[in-house]
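A predicted structure for the sequence below; I have some questions about it.
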Amino acid sequence: MEPAPAAEAGASSRARSRPREYAEAILVAIIFALFARTFLFQAFQVPTASMEKNILVGDHLIVNKFIFAPHHDGFGFLSRLLPYRPVRRGDVLVFKFPEDPRRDFVKRTIALPGETVEIRDKAIFIEGRRLEEPEVYHSDDRIWPDDPHLPDSYRRRDQSHPFTVPAGSFFALGDNRDDSYDSRFWGAVPAANLKGRAMFVYWSFPLEPSSQRSIREVVSIALNFFRRTRWERTLLPVR
């Protein structure tokens with residue numbers, strides 16, 4: 001029996017529409033991915049040891065971008081729809097480095113706007129009260145005095161005069177306190193520089209500290225992905 005003309009037309013139409021359906025699905029996926037990366041989440045690779053022992057060089061983090069939405073330009077109505085909150089002490093922030101916005105830093109929030117922070121012999125004091133910091137790691141037991149004859153890298157590391165955090169800014173330090181370039185040296189982080197809060201490690205691979213990866217390292221990752229990936233850190237929350 002010959003197929004009915006109407007059936008042939010329907011089958012032909014479905015065949016022609018299938019590539020279009022695939023194209024539409026791919027387009028929707030791309031739009032959603034761009035939306036999520038722009039407004040919701042972003043990946044971040046840790047290039048330095050300033051947050052060890054909690055965050056390691058080679059950790060790749062997922063950053064929650066919308067949690068501090070009111071601080072970002074361009075969110076508009078999204079800041080009213082998405083759940084958000086102000087920055088809290090202890091939040092691990094990813095932000096644009098104030099002295100070079102092309103670079104991203106990751107540090108822990110220590111003091112909030114309007115608070116006075118002081119460092120005495122490595123200990124942090126907020127409004128005169130010592131801050132308990134169980135997450136901090138000290139690689140050097142020596143304590144440098146506040147001596148103007150010493151280089152800033154030594155003097156400011158372990159001591160500071162009282163500093164009041166400006167409005168709309170945050171005082172942020174690395175957990176690897178003796179090996180971190182942070183607010184002790186260049187001041188507070190403006191809220192406008194915030195990119196988000198680090199949520200969890202989605203992949204971790206041991207790398208040398210560096211802001212850029214060499215071809216040799218890229219090849220090493222490709223050849224040793226399964227053998228050297230730190231699988232135990234996968235989906236590890238950042239606290």
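Cool, got the structure.

Can you identify each of the strands in this protein by residue range?
Using DSSP state E, the strands of the chain run over 41-45, 59-64, 92-97, 100-111, 116-120, 123-126, 129-130, 160-164, 169-173, 189-190, 194-204, 236-237.

ranking those by burial, who's on top?
strand 169-173 (a mean of 24; mean count of other Cβ atoms under 10 Å). Every residue, glycine included, has its C-beta placed from N, CA and C.

Spatially, which residue comes closest to Lys65, not counting chain neighbours?
Of all residues not flanking Lys65 in the chain, Gly196 sits nearest, at 4.1 Å (Cβ to Cβ, 6 or more residues apart in numbering).

pLDDT below threshold where in this protein?
1-18, 20-41, 69-83, 211-212 (pLDDT under 70).

Show me where it has its helices.
For the chain, the helices defined by DSSP state H cover 5-35, 78-81, 152-158, 183-186, 215-228.

Figure out how far the third one is from the centre of its chain.
Here helix 152-158 shows a centroid-to-chain-centroid distance of 25 Å under the convention Cα atoms, centre = their mean, to the nearest Å.

If you count contacts, what does that helix end up packed against?
Judged by 3 or more Cβ pairs under 8 Å, 6 or more residues apart in numbering; DSSP states H and E, helix 152-158 is in contact with helix 183-186.

centroid residue for this structure?
Nearest to the mean C-alpha position of the chain, by Cα atoms, centre = their mean, lies Val94 at 3.3 Å.

measure that one to Leu150 for me?
Separation of Val94 from Leu150 (Cβ to Cβ, to the nearest Å) stands at 31 Å.

who touches the residue nearest to Leu150 when sequence neighbours are not counted in this structure?
Leaving out its chain neighbours, the residue that sits closest to Leu150 by Cβ to Cβ, 6+ apart is Trp144, at 6.2 Å. Applying Cβ atoms under 8 Å, 6 or more residues apart in numbering, we find Trp144 in contact with 150, 154-155, 157-159.

still on that earlier bit, which one of the strands of the chain lies closest to Ser214?
Comparing the strands of the chain against Ser214 with Cβ to Cβ, the closest turns out to be strand 41-45 (14.1 Å).

Report the strands that pair with that closest one, each with its relative direction.
strand 59-64 (antiparallel) (DSSP bridges).

So what's the gap between the partner strand and the chain middle?
That offset, for strand 59-64, works out to 6 Å (Cα atoms, centre = their mean).

cool, and stretch 87-105?
7 Å.
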